[in-house]
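Student: below are the sequence and a predicted model; questions follow.
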Amino acid sequence: MIIALVWVTDHSFHKELALLLYRGGSSGHIPRLQRYSKKVNSHSFLLLNREHENDHGDDGEKGDPGEEGKLGKVGRMGPKGVKGELGDVGDQGNIGKTGPIGKKGDKGEKGLPGIPGGKGKAGTVCDCGRYRKVVGQLDISVARLKTSMKFVKNVIAGIRETEEKFYYIVQEEKNYRESLTHCRIRGGMLAMPKDEAANTLLADYVSKSGFFRVFIGVNDLEREGQYVFTDNTPLQNYSNWKEGEPSDPYGHEDCVEMLSSGRWNDTECHLTMYFVCEFIKKKK
Ligand SMILES: [Ca+2]
Ligand SMILES: [Ca+2]
């Protein structure tokens, strides 16, 4: 075995190396010569032939085990094995999805009747007379309220006023006494035109409302021929009788109406017609 320790630097050195090998023997086989050294330029070369060296020393100690070799290549596939035994039963699977809703079933038979309920508590004695009385009073109050509302509604619909009074034609046919009452329970009186201004205003009110006649608050019910206003004041400075009135040939005409002309006429009290109420304004 030839071991050559070389240090190669350039092309010229190759030639020197080749020469060196040649001197050592023929190429490929170096004879037992032994040891060559050559110095080329500044490099030293040494050629050894340990195989044929005669004067070798003692054998060295056994070296340490080499490193573990690389893993070999994968072998060929083996033959098919024998079929194995049957395995154990597996675990139960999960519950499947809910299926579609089925068709409606037939109607079942009628069930048995239930047990009767318990007896109710005894009732209390009704104080019905008292309640009836209260309800009756309520009915009367409601009726009055309705009448008042109607009156107010009518008032809003049409009214006349002076500095001191409101006048309102009630468009309900009533006799003289009913007319008096109607005005009084509403806080007024049958209209009493005590001067020409008031009379003219009322006459205009009546005619423009399209009425032919209305009761006013004048009568001679107490003493025939002695006319007074409904507040019992006598006619003093003012009256507006129609020509030829008052005329009471049979003593039946004790109440007074105003015609659309504004003139007065005595007439029978039981006749029914519209009438005029007056209301005194509250002083501020
Ligand atoms: Ca009379
Ligand atoms: Ca008359």
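Tutor: Structure's in. What do you need? Ligands and ions are numbered 1, 2, ... in the order given.
Student: alpha carbons only for contacts and neighbour counts from here, please
Tutor: OK.
Student: tell me where the stretch 151-284 of the chain has helices.
Tutor: Secondary structure of the stretch 151-284 of the chain by DSSP state H, counting those that start in this stretch: the helices cover 176-184, 196-209.
Student: report all helices and strands that the last one contacts.
Tutor: Read it as helix 196-209. If you count contacts as 3 or more C-alpha pairs under 8 Å, 6 or more residues apart in numbering; DSSP states H and E, helix 196-209 packs onto strand 255-259.
Student: is ligand 2 contacted by the strand it packs on?
Tutor: No. Strand 255-259 does not reach ligand 2 (C-alpha under 5 Å from the ion); its nearest approach is 8.1 Å.
Student: that strand - contacts with which helices or strands?
Tutor: The contact analysis (3+ C-alpha pairs under 8 Å, 6+ apart) places strand 255-259 against helix 196-209, strand 213-219, strand 264-267.
Student: distance of the residue in the chain that ligand 2 sits nearest to from G108?
Tutor: Using C-alpha to the ion, the single residue of the chain nearest to ligand 2 is D266, 3.9 Å away. Distance, D266 to G108, by C-alpha to C-alpha, to the nearest Å: 90 Å.
Student: okay, these two: which has more neighbours?
Tutor: The neighbour comparison of D266 against G108 (other C-alpha atoms under 10 Å) goes to D266, with 23 against 6.
Student: which pLDDT value goes with that one?
Tutor: We note a pLDDT of 97 for D266 in this prediction.
Student: for L112, same thing?
Tutor: 85.
Student: with the one 4 residues further on instead?
Tutor: Per-residue confidence for P116 comes out at a pLDDT of 84.
Student: can you pull out the low-pLDDT segments for the stretch 51-200 of the chain?
Tutor: Scanning the stretch 51-200 of the chain for pLDDT under 70 picks out 51-57, 153-157.
Student: and if we set it to 90?
Tutor: Scanning the stretch 51-200 of the chain for pLDDT under 90 picks out 51-137, 143-159, 161-163.
Student: ok, G120 to Y131 distance?
Tutor: Counting by C-alpha to C-alpha, the separation of G120 from Y131 is 25 Å.
Student: who has more neighbours, these two?
Tutor: Y131 (11 against 6).
Student: adding distance to ligand 1 as columns, could you present the helices and strands packed on strand 255-259 in JSON lines?
Tutor: Below are these laid out as JSON lines (distance: least, C-alpha to the ion, whole Å):
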{"stretch": "helix 196-209", "distance to ligand 1": "21"}
{"stretch": "strand 213-219", "distance to ligand 1": "7"}
{"stretch": "strand 264-267", "distance to ligand 1": "7"}
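Student: how about the nearest residue to D220 once chain neighbours are set aside, what does it touch?
Tutor: Distance criterion C-alpha to C-alpha, 6 or more residues apart in numbering; nearest residue to D220, sequence neighbours excluded, is Y227 at 4.4 Å. Y227 is in contact with 218-221, 234-235, counting by C-alpha atoms under 8 Å, 6 or more residues apart in numbering.
Student: how many residues are close by R186?
Tutor: The burial count for R186: 14, using other C-alpha under 10 Å.
Student: got the contact list for it?
Tutor: S148.
Student: for the one 3 residues further on, same thing?
Tutor: Residues in contact with M189, defined by C-alpha under 8 Å, 6+ apart, are 180, 183, 217, 230, 277-279.
Student: looks like K174 contacts T272 (just checking).
Tutor: Yes. Here K174 reaches T272: they are 4.4 Å apart, a contact under C-alpha atoms under 8 Å.
Student: and the two? Which one has more around it.
Tutor: Neighbours per residue (other C-alpha under 10 Å) separate K174 from T272, with K174 holding more: 20 against 17.
Student: what bridges to the more buried one?
Tutor: M273 (DSSP bridges).
Student: okay, which residue is most central for the chain?
Tutor: When the chain is reduced to its mean C-alpha position, the closest residue under C-alpha atoms, centre = their mean turns out to be I101, at 36.3 Å.
Student: which of the helices of the stretch 151-284 of the chain sits most buried?
Tutor: Most buried of these by mean neighbour count (mean count of other C-alpha atoms under 10 Å) is helix 176-184; its value is a mean of 19.
Student: quick one: stretch 127-140 to chain centroid distance?
Tutor: 45 Å (C-alpha atoms, centre = their mean, to the nearest Å).
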